[in-house]
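In: Next one to model:
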Amino acid sequence: MPIYMFECKNEECGVTYEELTSYDETGKFEGVKCPNCGSEEKILQPTTCNFNFTNPIGTRRWRSHDYRFRHNLPNVIKERERAEQAANKDSGLTSADPYNHIDDISGGEHFGEVK
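Out: Model prediction:
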């Protein structure tokens with residue numbers, strides 16, 4: 001529920017006050033009373049939005065992609081090493097490169113001009 005600012009219409013009072021209430025399309029805001037005199041006659045005052053989006057302390061560094069990359073780099077390297085070791089054990093590959101070399105550009109049945 002938003003906070004609205006009202007001014008009491010009672011000439012003897014004229015207090016400005018805030019009230020936490022639901023939006024009322026009619027603009028009457030029934031049930032909202034002046035805290036000073038109890039009058040239900042009021043004028044809705046224009047208000048501004050007063051919240052601020054901020055980052056919690058210590059999270060500013062996460063805006064940098066480079067920091068996130070470097071922060072996780074040791075984990076990525078370890079994961080890659082484990083994957084290569086597992087590939088070598090399961091497939092019997094003994095080369096440093098666990099991937100099969102595929103050359104479909106310089107020869108083969110699909111070599112030549114693209115039609």
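In: okay, CA-based contacts and neighbour counts for the rest of this
Out: Will do.
In: per-residue confidence averaged over the host helix or strand of N72?
Out: When elements are assigned from DSSP states H and E, N72 belongs to helix 65-91. Across helix 65-91, pLDDT averages out at 75.
In: do the same with stretch 21-36
Out: Across stretch 21-36, pLDDT averages out at 89.
In: first to last residue in it, what's the distance?
Out: Terminal residues of stretch 21-36 lie 18 Å apart, using Cα to Cα, to the nearest Å.
In: what comes into contact with it?
Out: Residues outside stretch 21-36 that contact it (Cα atoms under 8 Å, 6 or more residues apart in numbering) are 1-4, 8, 13, 15, 17, 19, 39-42, 44.
In: What ranges does this protein have for its strands?
Out: With DSSP state E as the criterion, the chain has strands at 3-8, 16-20, 42-45.
In: who wins for proximity to H71 among those strands?
Out: strand 3-8 (42.0 Å; Cα to Cα).
In: Can you give me the domain assignment for the protein?
Out: Listed by automatic domain parsing, the domain ranges of the chain are 1-51, 60-91.
In: Mean neighbour count, these: which tops it?
Out: Ranked by mean neighbour count, those are led by domain 1-51 with a mean of 13 (mean count of other Cα atoms under 10 Å).
In: For the contacts of stretch 21-36, work out which two are farthest apart.
Out: Greatest spatial distance in the contacts of stretch 21-36: M1 and C13, 26.5 Å, computed using Cα to Cα.
In: For I77, see how far away G27 is.
Out: Between G27 and I77 the distance is 62 Å, computed by Cα to Cα.
In: What pLDDT does the model give Q45?
Out: If you check Q45, the pLDDT there is 90.
In: and it, what does it touch?
Out: When contacts are counted by Cα under 8 Å, 6+ apart, Q45 touches Y4, M5, F6, E7.
In: Could you pull up the contacting residues of the residue nearest to T16 when sequence neighbours are not counted?
Out: In this structure, T16 finds its nearest non-sequential neighbour in E7, 4.3 Å apart by Cα to Cα, 6 or more residues apart in numbering. By Cα under 8 Å, 6+ apart, E7 lies in contact with G14, V15, T16, Y17, K42, I43, L44, Q45.
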